[in-house]
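>>> How does the following fold in three dimensions:
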Amino acid sequence: MPGTEVVSKQAVYGGAAGIALLAFALIYRFYPGGASAPAAPAPPPPAAAVPSMSLAPPAKQAGTAAPAKPAKAAAKAPPPAAPPTKAIAALLKKAAKALDEGRLTAPKDASALAYYQQALAADKDNAAARAGLEKIHKSLLQQAGDALDRGDERDSARLIGELAQVPEADEDVSGLQARLKTLHQAMPLLTRAADLLQQGHATAPPAGNALSVYRQVLKLDPGNKLAEQGLVQVQQGYLDSALAAAAQDDFDGADKILADASTISPGSQQLLDTRSRIEGIRRDRAANTLSQANSALDAGNPDLAETLAKKALALSPDLAGVDDFNRRLRNARLYANYNPGQIVVDKFLDRHGSAPPLVVVPTGSFMMGAPADEKGARADEEPQRLVKIDTGFALGRDDVSVGEFRVFIDDSGYTTDAEKAGASSVYDEDSGRIIDRRGITWRDDYLGHAAADDLPVIHVSWNDAIAYTQWLSARTGKHYRLPSEAEFEYALRAGSTTRYPWGDGNPPRVIDNFTGDGDRSPRLKRSWAKAFRRYDDGYWGPAPIGKFPPNAFGLIDMDGNVSEWVADCWHDNYTRAPADSSAWMNPGCAEHVIRGGSWGSAPDQVRSAYRLSAPSNTRSARVGIRVARDL
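Below you'll find the model as predicted:
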């Protein structure tokens, strides 16, 4: 039935219609030729009357001619519907009140249905009454459907009976009666299924379980709400079990239970929600496990870290952070958690100071030695062979300086071979040769003068170099040593395969300290007999540490400034040499290998494959020390 707002609108529309009729009468009064007959205006509605609102266009009033052209606008206004009488308005008001109070069909003489039917009996076209009946129809239809959905047979029958009293409801009544009949057949099954569910027989035994009975109901009555709710309850038991399994980290079990649950009610919202929750638990577990793996790496236990990481990946194959962990694990295995190219400085354990800076060298492989057709190649550089550097190590960024070696001497009281023998070799500018001179030690430079602390230490033997690395090991707790010959050449080449680290010809720019045709001796301005053409590095003799750019691995002066001792014993060629990066040692060998060019090396001696032998106690103005450390 219409509410207060509808009644107000109807009153407004009735007033507007009255005004339109008055305008029409005035036009007719002053323009009598505009119509063939006067139209009597409707009397104004009583204050308490509710005007009728018909949805159909009103019938044309009999005897009314078309309005004259001057009154064209007024002629288009439709004639208003006749306002309801006081009696009909009173009935509509009672009907509206009954409708608001829920008295749709009862009591019989004071229900909304009765009042609307009385109004229509008085005015069969009354739109308000018809609208009220439609509201009653829809309300009863909805209530009956809800009662059927909740399985209330008695209430369903009552509501269907009330709906049968409403005009034009036969089709809906028939449909509801059919549903009621089906419900009557399904109710015993629903009761049995509920009992089985309460007894814990949700899915077993096969011959009598709630799931099978609910499915039987749905076969009988597709869309039965109670059966659908029963399936939800059965499925929820599975979902709870799946969550419990996930909480115990049994994700395989949880996945199996979810698969079983999906056969009960595929695509249900609770299934989707539970699957999402379990996936969240899985990702959280995986992230926590990967965090534990990283902690194991930090603690220096790569084996445990790898085991935990595999567990994390099994939980979540696309887990974020795995690539970073794998990089760290690889570095832990190869580089003790350092990164290739990283600079490492080991502090002394029991005193102030630190070891020389180291650079972590990346692992890899290379062709060691010289090919037979290389210009200047020698027999002791053959046969060329593939060497794998599969163990991470760090190499001194620079040659050991005089200042760094001084700390060793002052702390250990060590006496070098030059001091024992009382001599070493120096450069004699007058003759242009390397000569032995008495009284020369590690404290002197290449000319025999006092050496600055930032110069590379020279006049040191292989024995002295070994003693220095042993002292570093004791002071730092790390394993310092001399690099192997394979490690040295690998680091010198730094990925290159050519005659020199920079190519096959003259240096394209200032690269390191070796002989160039632009070099001149400090006093007599001598030049080199054999030198790189159009090259001048600015030094005759060793340059201070760090004056030249690093190579591709971050190492400085690998092929110039001073040559360096390596750990290997001397062998005349590479036949039967190790295929890995280990030093080729023989017990008690008297000669060892010197690698890398120096400030006085001719171009052929700067080649990457060049090697030289010397007795273990040799001292020279062109040979220094570069340390290595295991990671």
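>>> so for stretch 363-372, what's the average pLDDT?
Throughout stretch 363-372, pLDDT has a mean value of 96.
>>> So what touches that stretch?
Residues from elsewhere that reach stretch 363-372 (Cβ atoms under 8 Å, 6 or more residues apart in numbering): 334, 340, 377-378, 381-392, 486, 489-490, 493, 495, 497, 574, 607, 609. All C-beta atoms are positioned from the backbone trio N, CA, C, and that covers glycine.
>>> In it, which residues are buried?
363, 366, 368, 369, 370 (16 or more other Cβ atoms under 10 Å).
>>> Each with direction, which strands does the helix or strand that contains the second one pair with?
Under DSSP states H and E, the secondary-structure element containing residue 366 is strand 364-368. For strand 364-368, the paired strands and their directions (DSSP bridges) are strand 385-389 (antiparallel).
>>> so how far is the partner strand off the chain centroid?
With Cα atoms, centre = their mean, to the nearest Å as the basis, strand 385-389 stands 38 Å off its chain's centre.
>>> what mean pLDDT does it have?
On average, strand 385-389 scores 95.
>>> which residues of the protein fall in strands?
With DSSP state E as the criterion, the chain has strands at 343-344, 358-361, 364-368, 385-389, 393-396, 423-428, 433-438, 480-481, 563-569, 591-595, 611-615, 623-624, 628-630.
>>> So which of the ones you listed is the most surrounded?
strand 623-624 (a mean of 28; mean count of other Cβ atoms under 10 Å).
>>> ok, it: who's next to it in the sheet?
strand 563-569 (parallel).
>>> could you give the angle of the partner strand to strand 611-615?
80 degrees (axes from the mean of the first three to the mean of the last three Cα atoms, to 10 degrees).
>>> May I have strand 563-569 exported as PDB, CA atoms only?
Presented in PDB, the C-alpha positions along strand 563-569 are these (Å, rounded to 0.1, in the frame of the first residue of the first chain):
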ATOM      1  CA  SER A 563     108.200  -9.400  -9.900                       C
ATOM      2  CA  GLU A 564     107.000 -11.700  -7.100                       C
ATOM      3  CA  TRP A 565     107.800 -15.100  -5.600                       C
ATOM      4  CA  VAL A 566     105.200 -17.900  -5.900                       C
ATOM      5  CA  ALA A 567     105.000 -21.100  -3.900                       C
ATOM      6  CA  ASP A 568     105.900 -23.600  -6.700                       C
ATOM      7  CA  CYS A 569     109.100 -25.400  -7.100                       C
END
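>>> Now do that strand against strand 591-595, angle only.
Using the same axes, to 10 degrees: strand 563-569 against strand 591-595 is 140 degrees.
>>> So which residues make contact with strand 563-569?
Contacts of strand 563-569 (Cβ under 8 Å, 6+ apart): 399, 461-462, 465, 481-485, 487-488, 583-586, 589, 591-598, 601, 612, 622-626.
>>> How far off centre is that strand?
Counting by Cα atoms, centre = their mean, strand 563-569 comes out at 48 Å from the chain centroid.
>>> tell me the mean pLDDT over that strand?
Rounded mean pLDDT across strand 563-569 is 98.
>>> now swap in stretch 491-508 and tell me
For stretch 491-508, the mean confidence score works out to 97.
>>> May I have the distance across it, first residue to last?
Start and end residues of stretch 491-508 are separated by 20 Å (Cα to Cα, to the nearest Å).
>>> who touches that stretch?
Under Cβ under 8 Å, 6+ apart, the answer for stretch 491-508 is 361, 364, 366-367, 374-376, 395, 483, 511, 516, 532-535, 551-553, 555, 558-559, 595-596, 606-608.
>>> Please repeat the previous calculation with a cut-off of 6 Å.
For stretch 491-508, contacts defined as Cβ atoms under 6 Å, 6 or more residues apart in numbering pick out 361, 366, 374, 395, 511, 532-533, 535, 551-553, 555, 558-559, 607-608.
>>> which one of these is nearest residue 250?
The closest of those to residue 250 turns out to be residue 361 (Cβ to Cβ; 45.8 Å).
>>> So in terms of bridging, what pairs with the closest one?
Applying DSSP bridges, one finds that residue 361 bridges with residue 393.
>>> From residue 560, how far out is it?
19 Å (Cβ to Cβ, to the nearest Å).
>>> Just give me the neighbour total for the closest residue to residue 321 other than its chain neighbours.
The shortest distance from residue 321 to any non-neighbouring residue, by Cβ to Cβ, 6 or more residues apart in numbering, is to residue 290 (5.8 Å). Neighbour count of residue 290, defined by other Cβ atoms under 10 Å: 24.
>>> Tell me if I'm right that residue 290 and residue 312 touch.
Yes. Using Cβ atoms under 6 Å, residue 290 is in contact with residue 312, at 4.2 Å.
>>> Could you chop this protein up by domain?
4-168, 171-262, 282-335, 358-630 (automatic domain parsing).
>>> Pull the distance from the longest one to the chain's centre.
In other words, domain 358-630. Computed by Cα atoms, centre = their mean, the chain-centroid distance of domain 358-630 equals 48 Å.
>>> ok, now the shortest one?
For domain 282-335, the distance between its averaged C-alpha position and the chain's averaged C-alpha position is 16 Å (Cα atoms, centre = their mean).
>>> Report the mean per-residue pLDDT for it.
91.
>>> just stretch 511-531 next, same as before
Mean predicted confidence for stretch 511-531 is 96.
>>> and residue 353, how many residues sit next to it?
Residues near residue 353, counting by other Cβ under 10 Å: 11.
>>> among the strands of the chain, which is nearest residue 286?
strand 358-361 (30.5 Å).
>>> mind exporting the closest one as PDB, just the C-alpha atoms?
C-alpha atoms of strand 358-361 as PDB (Å, rounded to 0.1, in the frame of the first residue of the first chain):
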ATOM      1  CA  LEU A 358      93.500  -8.500   0.000                       C
ATOM      2  CA  VAL A 359      91.200  -8.800  -3.000                       C
ATOM      3  CA  VAL A 360      88.800 -11.800  -3.300                       C
ATOM      4  CA  VAL A 361      89.600 -13.500  -6.700                       C
END
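>>> could you pull out the helices for the stretch 201-350 of the chain?
Here the stretch 201-350 of the chain has its helices, by DSSP state H, counting those that start in this stretch, at 210-220, 225-247, 251-262, 269-298, 302-315, 322-335.
>>> now those in CSV, with distance to residue 114?
Shown next, in CSV, are those (distance: least, Cβ to Cβ, whole Å):
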stretch, distance to residue 114
helix 210-220, 39
helix 225-247, 33
helix 251-262, 53
helix 269-298, 45
helix 302-315, 70
helix 322-335, 77
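>>> about what we covered before: got CSV for the strands of the chain, with distance to residue 528 too?
Shown next, in CSV, are those (distance: least, Cβ to Cβ, whole Å):
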stretch, distance to residue 528
strand 343-344, 34
strand 358-361, 30
strand 364-368, 29
strand 385-389, 32
strand 393-396, 27
strand 423-428, 12
strand 433-438, 13
strand 480-481, 34
strand 563-569, 16
strand 591-595, 20
strand 611-615, 18
strand 623-624, 19
strand 628-630, 31
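>>> what pLDDT does residue 194 get?
91.
>>> Measure how buried it is and give me the count.
16.
>>> Over to the one 5 residues further on?
Residue 199: 11 surrounding residues under other Cβ under 10 Å.
>>> Against residue 210, how distant is it?
On the measure of Cβ to Cβ, residue 199 and residue 210 end up 9 Å apart.
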